[in-house]
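fold the following.
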Amino acid sequence: MYNKRFLSLAITLIVASGWTHPTTLTDTTTSATRTSSPTTLSTADSGDNFYNELFLAASVGGSNGVRLNPKALSFVQDYMKENWDELQGIRSWARPYFNLIEKILTEYDLPKELKYLAVIESNLKSTAVSRVGAKGPWQLMPQTARDLGLKVNRNIDERKNYSKSTHAVALYLRDLYNDLGDWLLVIAAYNCGTANVYHAIHRSGSRNFWDLQYYLPAESRLHVKKFIATQYTFEGQGSVTTLTREEATEQLSGSAMFIFHRNLTPAELDNSRTVTIAGRYYSSSIAKYTLLDPATFARYNPDFDKIMAGTNNSYDLKLPADKMDLFTANKYDILRESVDSLTRMGDNRDADTMAGRVAAK
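Residues are numbered from 1 along each chain as shown. So this is what the prediction gives:
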């Protein structure tokens, strides 16, 4: 079970650090309206107990079941101690930006925790400029930004626009995940490029970040760990984005791991709706009543039957908007037919098993 002291402590720190919620957001190329910065906790004020509780995060996990990899523990502890005041300062004014970024990430079916990538890239500042010319909250290079559809010229630089740059980066992150299938590798590739990540995979013989990390450039290796540490500082726990693919498969249940495998175009995402369902639903029955072919249903809802057959049989069902209307209108008929189909399948499997036992005798 998740240790309640860790959750209580994380909540206490969030409240005590003075997280405020500014309600207005000005033009995305300028700064957000900020409230006066409250007094933030210093490392000493937060207490060593907070860092000690990270051991519980590594062994027991957070309320969502996500555990901190033991190989990250000492780095996360040191990073929190060294950067606590700075991150609490960002916390005091970041809410309107986080709200904007989360909304856009959700539109692209991406984990909202990816917003912390902008924190480690630029401290969430639109004016940030690197020594090599990367600019904006997501620290995009000029040509990369142009490739992603942003305007970068003498008169305008959309890398500094929170909304437009986040839309561009969301497309890029989604492409990286479709290619690599692992969020820690995506964070590494964002820093050093996919070529370097595949080189590390080839040299190490592994796709596990913790096995291949020393084949990556040192900056990229640290980039991933900073991302993990920043998320734990802000959230008090990890998420699918702080886990390797193997860890996510082991620790996360339901559709949390699989929804990022949806192979949908931006237009399909824009014209889709999502609803969380639970119970003995069967993909063929849903596809039948919503007039979808099985292949299309599987693109929108990967591993549906596998997840619904598990112990935590809930799923974030995604369908084209008009098909979702059909699902809603026929929901109880779909469930009834699904139960009948699954029951028959179970009876057939039992009969086959019994026949096999008789034949064996």
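
a helix runs through T274, doesn't it?
No: counting by DSSP: H, G, I helix; E, B strand; the rest coil, T274 is not part of a helix but strand.

so who does it touch?
Going by C-beta atoms under 8 Å, 6 or more residues apart in numbering, T274 touches 316-318. Backbone N, C-alpha and C define where each C-beta goes, glycine included.

tabulate those (JSON lines), appending secondary structure, pLDDT and distance to R207.
Converted to JSON lines, the contacts of T274 look like this (DSSP: H, G, I helix; E, B strand; the rest coil; pLDDT from 0 to 100; distance: C-beta to C-beta, whole Å):
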{"residue": "D316", "secondary structure": "strand", "pLDDT": "83", "distance to R207": "26"}
{"residue": "L317", "secondary structure": "strand", "pLDDT": "89", "distance to R207": "29"}
{"residue": "K318", "secondary structure": "strand", "pLDDT": "90", "distance to R207": "27"}
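
what are the phi and psi values at Y315?
phi -150, psi 140 (degrees, to the nearest 10).

hey, what's it bridged with?
I277 (DSSP bridges).

count the neighbours of it for me.
26 (other C-beta atoms under 10 Å).

for K81, same thing?
K81, neighbours per other C-beta under 10 Å, totals 14.

would you verify that it is located in a helix?
Yes: counting by three-state DSSP, K81 is found in a helix.

how close does it get to S74?
Separation of K81 from S74 (C-beta to C-beta, to the nearest Å): 11 Å.

quickly list what's touching both of those two.
Here K81 and S74 have no joint contacts, going by C-beta under 8 Å, 6+ apart.

for the protein, give me the ranges with low pLDDT.
Flagging of the chain using pLDDT under 70 yields the residue ranges 1-63, 253-261, 311-312, 347-361.

residue ranges of each domain in it, please.
4-251, 259-360 (automatic domain parsing).

okay, those, which one's buried deepest?
domain 4-251 (a mean of 18; mean count of other C-beta atoms under 10 Å).

just the element for S284, please.
Per DSSP states H and E, S284 falls inside helix 283-290.

quick one: work out the angle between that helix and strand 272-278.
130 degrees (axes from the mean of the first three to the mean of the last three C-alpha atoms, to 10 degrees).

give me the contact list for the helix or strand that comes right after helix 283-290.
Per DSSP H and E, the first helix or strand lying C-terminal to helix 283-290 is helix 294-300. The list of residues contacting helix 294-300 from outside it, by C-beta under 8 Å, 6+ apart, reads 262-264, 268, 272, 283-284, 286-287, 290, 292, 304, 318-320.

possible to save the contacts of T274 as TSV with distance to R95?
Listed next are the contacts of T274 as TSV, based on distance: C-beta to C-beta, whole Å:
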residue	distance to R95
D316	25
L317	30
K318	28
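
so what does the residue nearest to the spatial centre of the chain have for phi and psi?
What sits nearest the mean C-alpha location of the chain, by C-alpha atoms, centre = their mean, is P111, with 2.6 Å. For P111, the backbone dihedrals are phi -60, psi 130 (criterion: degrees, to the nearest 10).

so it is in contact with S239, correct?
Yes: the pair P111 / S239 is scored as a contact, 6.2 Å apart, by C-beta atoms under 8 Å.

quick one: the strands in this protein?
Per DSSP state E, the chain carries strands over the ranges 272-278, 314-320.

who touches the last one?
The contact list for strand 314-320, computed with C-beta under 8 Å, 6+ apart, reads 109, 254-255, 259, 262, 268, 271-278, 281, 286, 290, 292, 300-301, 304, 307-308, 327.

adding distance to R67, write the strands of the chain out as TSV.
Output for the strands of the chain, formatted as TSV (distance: least, C-beta to C-beta, whole Å):
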stretch	distance to R67
strand 272-278	24
strand 314-320	21
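
of all these, which lies closest to H202?
With distances scored as C-beta to C-beta, the stretch of the strands of the chain nearest to H202 is strand 314-320 (34.7 Å).

let me know the angle separating the closest one from helix 283-290.
30 degrees.

for the nearest residue to D179 once chain neighbours are set aside, what are its contacts?
Spatial nearest neighbour of D179, excluding adjacent residues (C-beta to C-beta, 6 or more residues apart in numbering): T194 at 6.3 Å. Contact partners of T194, counting by C-beta under 8 Å, 6+ apart, are 176, 179-180.

Q213 versus T194, what's the distance?
Relative to Q213, T194 is positioned 16 Å away (C-beta to C-beta).

again with P294
40 Å.

again, but for E102
Taken as C-beta to C-beta, the span from E102 to Q213 is 28 Å.

likewise D340?
50 Å.

same question, P111
From P111 to Q213 the distance is 21 Å (C-beta to C-beta).

kindly report the same for A188.
8 Å.

which neighbours do the two share?
Contacts common to A188 and Q213, judged by C-beta under 8 Å, 6+ apart, are 200, 221, 224.

the last one reaches F209, doesn't it?
I take that to be V224. Yes: assessed by C-beta under 8 Å, V224 is found in contact with F209 at 6.3 Å.
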